[in-house]
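Engineer: sharing a model that was predicted from the sequence below.
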Amino acid sequence: MENKVFDDFTVSLEINTMMEKILSDVKIFGTVSVKTVPTNCKFINRKSRPAQIVTNVQSFDDIKLMQIRQFDSGSRNVTGCTTLLDGRMVFTEYEKKRLIIRKVDGKLDFEIPLIGNKSFSLTVMDAITVAVSSGKPGSNEKACIQIIDIRSREVTKTIYTEAWCYGVVFVDDKLVFCGYEPNGIYEIDLKTSQKSVISSTIRLDIWSNITHFNKNKFYVTNGGTQTVTCCDNKGNVIWNYKDDSNMRLPRGISADTYGNVFVTSEHSNNVTMISHDGKRAKQILDTNDGLHLPLAVQYDRSTNRLLVACYQGMAYLFGAQ
């Protein structure tokens, strides 16, 4: 046929005789070895966590927050909030000395009274345990951090502190907290019960809060100086960020997966997002999002969700994207 579509083709191979010589002389062409390198990836057990959509977070300039829900936390003195591993949310009620646990949908689960001590800030230690700081003690109280079993609703341990303890964070089997009178960032090793001072020179204030990016980097707020300070685990200052206009009376603080921090400012009625290196910042939430006297904030790195709680009780859950 003219277009030769149906013609037969024959393919032949002629081996170079030099190849036969190479094959007869060479006994081995090389070796293959396998090296195991530990991964840096961390996996989270989600068996008990309700199904949630995890969004991919963009770069600092592109990050936006979309509101998922808003609800009344039930507390009228919210100074701290956090998210448990199963998605439930916990809020402090400072003056009434209790914790309020809300379900994933924001509905009330139960409350835990704290007899004898206030509840300022809290941090998750494991699936059923939180640590709660007392803030400024009353006349018949002592500054302390209480370890609470959420399942049994009981205080399992009380750790008394020399300084008033405000913001607290759990990292690497240690509790690190903001102390006042005497001023300092303090560390309690839960394995050895040893107490130490990370820094006594970084300026803190009453109601200062703390968060961490990893076990070697911490961020603290100072409402008196309108400042956020980043330091290492030896107390060396890495950077300071200050904004008297848009970050008035900074309170709560939390870090995302990349070390960017979210700061609630009580008098600015907003949330400021600061880049991991402290060089850039932007107002990411304000009164248009319903905020009024925002105090507490917590970023859930496993779901890329931001929980913001206002002092008088309203709470807002956002998804980062």
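Structural biologist: Received, thanks.
Engineer: low-scoring stretches of the protein, by residue?
Structural biologist: Within the chain, the stretches with pLDDT under 70 are 1-58.
Engineer: so how far is residue 108 from residue 90?
Structural biologist: Remark: distance between residue 90 and residue 108 (CB to CB, to the nearest Å) = 12 Å. The C-beta positions use only the backbone N, C-alpha and C, and glycine is treated the same way.
Engineer: so which of these two has more stuff around it?
Structural biologist: Using other CB atoms under 10 Å, the more surrounded residue of residue 90 and residue 108 is residue 90, with 25 against 13.
Engineer: show me what the helix or strand harbouring the more buried one pairs with in its sheet, parallel or antiparallel.
Structural biologist: In this assignment (DSSP states H and E), residue 90 forms part of strand 89-93. If you go by DSSP bridges, strand 89-93 pairs up with strand 81-83 (antiparallel), strand 98-102 (antiparallel).
Engineer: how about the ones you listed, which one is nearest residue 170?
Structural biologist: Shortest distance between residue 170 and the strands paired with strand 89-93, using CB to CB, is found for strand 81-83: 10.1 Å.
Engineer: quick one, strands of the stretch 151-300 of the chain?
Structural biologist: Secondary structure of the stretch 151-300 of the chain (DSSP state E, counting those that start in this stretch): strands located at 154-160, 164-171, 174-180, 184-189, 195-199, 210-214, 217-222, 227-232, 237-242, 250-255, 261-265, 270-274, 281-285, 294-300.
Engineer: nearest to residue 64, of those?
Structural biologist: Here strand 281-285 is closest among the strands of the stretch 151-300 of the chain (CB to CB), at 7.7 Å.
Engineer: list the buried residues of the closest one.
Structural biologist: Residues of strand 281-285 classed as buried by neighbour count (16 or more other CB atoms under 10 Å): 281, 284-285.
Engineer: out of the strands paired with strand 89-93, nearest to residue 175?
Structural biologist: Counting by CB to CB, residue 175 lies closest to strand 81-83 out of the strands paired with strand 89-93; the figure is 13.8 Å.
Engineer: who touches that closest one?
Structural biologist: Residues outside strand 81-83 that contact it (CB atoms under 8 Å, 6 or more residues apart in numbering): 73, 89-92, 122-124, 130, 252, 296-298, 300, 305, 307, 309, 315.
Engineer: kindly recompute the last result at 10 Å.
Structural biologist: 73, 75, 88-92, 99-100, 102, 104, 121-124, 130, 132, 252, 254, 295-300, 302-303, 305-309, 315, 317 (CB atoms under 10 Å, 6 or more residues apart in numbering).
Engineer: just the buried ones among these, please.
Structural biologist: The neighbour-count test (16+ other CB under 10 Å) marks 73, 75, 88-92, 99-100, 102, 104, 121-124, 130, 132, 252, 254, 295-300, 303, 305-309, 315, 317 as buried among these.
Engineer: which neighbours do residue 90 and residue 108 share?
Structural biologist: The overlap between the contact sets of residue 90 and residue 108 (CB under 10 Å, 6+ apart) consists of 73, 100-102.
Engineer: now for those residues, which pair is the farthest apart?
Structural biologist: Maximum pairwise distance in the shared contacts of residue 90 and residue 108, criterion CB to CB, is 10.1 Å, between 73 and 101.
Engineer: find residues that contact each of the two.
Structural biologist: Common neighbours of residue 73 and residue 101 (CB under 10 Å, 6+ apart) are 89-91, 108.
Engineer: between those, which is closest to residue 233?
Structural biologist: Relative to residue 233, the closest of the shared contacts of residue 73 and residue 101 is residue 90; by CB to CB it sits at 26.1 Å.
Engineer: residues contacting the closest one?
Structural biologist: Neighbouring residues of residue 90 by CB under 10 Å, 6+ apart: 73, 80-84, 99-102, 109, 112, 119, 122, 124, 130, 132, 148, 150, 298, 307.
Engineer: re earlier: return the strand holding residue 90 as PDB; C-alpha atoms alone will do.
Structural biologist: Extracted as PDB, the C-alpha positions of strand 89-93 are listed here (Å, rounded to 0.1, in the frame of the first residue of the first chain):
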ATOM      1  CA  MET A  89     -11.400  23.300  73.800                       C
ATOM      2  CA  VAL A  90     -10.600  24.400  77.300                       C
ATOM      3  CA  PHE A  91     -11.000  27.900  78.700                       C
ATOM      4  CA  THR A  92     -10.000  29.400  82.000                       C
ATOM      5  CA  GLU A  93     -12.200  31.600  84.200                       C
END
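Engineer: compute the inter-axis angle for that strand and strand 294-300.
Structural biologist: 160 degrees (axes from the mean of the first three to the mean of the last three CA atoms, to 10 degrees).
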